[in-house]
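Novice: After the sequence you'll find the predicted model.
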Amino acid sequence: MFSIPGKQAVTITDKAAAQISKLMARDGHKALKIGVKKGGCAGMEYTMEYVDEVAEHDEMVEHNGARVVIAPMAQMFLFGTQIDYETSLLESGFKFINPNVSEACGCGESIKFDESLFAKE
């Protein structure tokens, strides 16, 4: 697991926690699982799915009753990320403020990570 003792991999704003809790209560799921996958014009995309089980190596982050699970392969890409929820006149949705992202496409759906994350030690 990619972590620093005493520091959560991601933080969740109060607005995001309220929306996650609302979704989990409405649909009866245990948590929202986030990850990353290859795809999009910048090379990677965030994934989000409901989960009812937390796997052994998943990391669980909780804030104000909201539970977010981070897939093991995504932990290094998401470390330090803040999850927010924004509402505007045209759209609403989760926003990832990720210090590891070096580029994002114009629509904001696709991201590219800092190459240092891939460097072998």
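Specialist: Yes, it's here.
Novice: Low-confidence bits of the protein, can you list those?
Specialist: 1-7, 106-109, 115-121 (pLDDT under 70).
Novice: could you point out which element follows the helix ranked longest in it?
Specialist: Longest helix of the chain, by residue count under DSSP state H: helix 14-27. Note on helix 14-27: by DSSP states H and E, the next helix or strand toward the C-terminus is strand 31-38.
Novice: partner strands of that next one, parallel or antiparallel?
Specialist: Strand 31-38 pairs in its sheet with strand 44-51 (antiparallel), strand 66-70 (parallel), by DSSP bridges.
Novice: how much does the shortest one deviate in direction from helix 14-27?
Specialist: Same thing as strand 66-70. 90 degrees (axes from the mean of the first three to the mean of the last three CA atoms, to 10 degrees).
Novice: Quick one: distance of strand 66-70 to the chain centre.
Specialist: 8 Å (CA atoms, centre = their mean, to the nearest Å).
Novice: For that strand, C-alpha coordinates in PDB please.
Specialist: What follows is strand 66-70, C-alpha atoms only, in PDB (Å, rounded to 0.1, in the frame of the first residue of the first chain):
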ATOM      1  CA  ALA A  66     -18.900   9.200   3.700                       C
ATOM      2  CA  ARG A  67     -16.700   6.300   2.800                       C
ATOM      3  CA  VAL A  68     -14.300   6.300  -0.100                       C
ATOM      4  CA  VAL A  69     -12.300   3.200  -1.000                       C
ATOM      5  CA  ILE A  70      -9.100   3.500  -3.100                       C
END
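Novice: Contacts for that strand next, please.
Specialist: Identification of contacts with strand 66-70 by CB atoms under 8 Å, 6 or more residues apart in numbering yields 9-10, 12, 16-18, 20-21, 24, 30-35, 51, 54, 58-62, 78, 83. Every C-beta, even on glycine, is put in place using the N, C-alpha and C of the backbone.
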